[in-house]
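Participant: Any chance you could fold what I've pasted below:
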Amino acid sequence: MRWGLIPSWAKDMSGAAMMINSRSETAATKPAFRDPLANRRCLIPADGFYEWQRAGKLKQPYCFEVNDGDLFAFAGLWDRWKDPNGQWIKSCSILTTTPNAVTSSVHDRMPVILDPDCYDLWLDPGMHDMRAVSDMLKPYEARMMRCHPVSSRVNSVASDDAECSAIVELAQIQNRLF
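Facilitator: Below is the predicted model:
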């Protein structure tokens, strides 16, 4: 599955990089996400996610986890697109929502983390009640989450190991006079 939704009707895959996520509040009205929301929902497993907080010219990354680093699932959408060679490419995107108390101090959005009790309903291909689907797209319980600062090493795609989510001490940022 490729990250960045490519709608089935797209002329090419150039817009996929801009469709790594979608606002849950408007997904049902956006052409690229409307049909996948109604018919092609998926779970995207994770054990954490990162957001960056701007501090002047610097951006400090933070790791967000559920409970004690337990596995959880983002609300995802998928689609398939046929390339010029006739090959099917499957792609996906996550839905975002307003932040909870844990994420709001770092970022103005957060991924939709589904309650495990909703997994079956979210994945049910017969579920077409958009009101019931929309009710699942809310901020995750803040009391079930934690966050901590991490090294800027997470900024590199070459870094893909447990060290990315290791807690670091926040560096003291001093204002400089010129």
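
Participant: Could you use CA atoms for every contact and neighbour count after this?
Facilitator: Will do.

Participant: Show the backbone phi and psi for residue 36.
Facilitator: According to degrees, to the nearest 10, the main-chain angles of residue 36 amount to phi -60, psi -40.

Participant: now swap in residue 3 and tell me
Facilitator: Taking degrees, to the nearest 10 as the convention, residue 3 sits at phi -80, psi 130.

Participant: Check the contact between it and residue 94; I expect there is one.
Facilitator: No. Counting by C-alpha atoms under 8 Å, no contact exists between residue 3 and residue 94, whose distance comes to 9.2 Å.

Participant: Identify the contacts common to those two.
Facilitator: Overlap between the contact sets of residue 3 and residue 94, as judged by C-alpha atoms under 8 Å, 6 or more residues apart in numbering, is given by residue 20.

Participant: Compare neighbour counts for the two and give me the winner.
Facilitator: residue 94 (26 against 16; other C-alpha atoms under 10 Å).

Participant: Is it correct that that one falls within a strand?
Facilitator: Yes. The assignment for residue 94 by DSSP: H, G, I helix; E, B strand; the rest coil puts it in a strand.

Participant: do you know how far it is from residue 36?
Facilitator: As defined by C-alpha to C-alpha, to the nearest Å, residue 94 lies at a distance of 11 Å from residue 36.

Participant: Quickly list what's touching both of the two.
Facilitator: Common neighbours of residue 94 and residue 36 (criterion: C-alpha under 8 Å, 6+ apart): residue 77.

Participant: can you give me the helices for the chain?
Facilitator: Secondary structure of the chain (DSSP state H): helices at 31-39, 119-123, 130-135.

Participant: Strands of the chain, start to end?
Facilitator: Along the chain, the segments classed as strands by DSSP state E run 2-3, 21-23, 41-46, 49-55, 58-66, 72-82, 88-97, 110-111, 145-149.

Participant: Next one, pLDDT for the residue nearest to residue 145 when sequence neighbours are not counted please.
Facilitator: In space, and not counting its chain neighbours, residue 145 is closest to residue 66: 4.5 Å by C-alpha to C-alpha, 6 or more residues apart in numbering. Turning to residue 66, the model gives it a pLDDT of 95.

Participant: same check, this time on the one 4 residues further on
Facilitator: Residue-level confidence at residue 70 comes out at 92, pLDDT.

Participant: can you tell me how far it sits from residue 111?
Facilitator: Applying C-alpha to C-alpha to residue 70 and residue 111 gives a distance of 16 Å.
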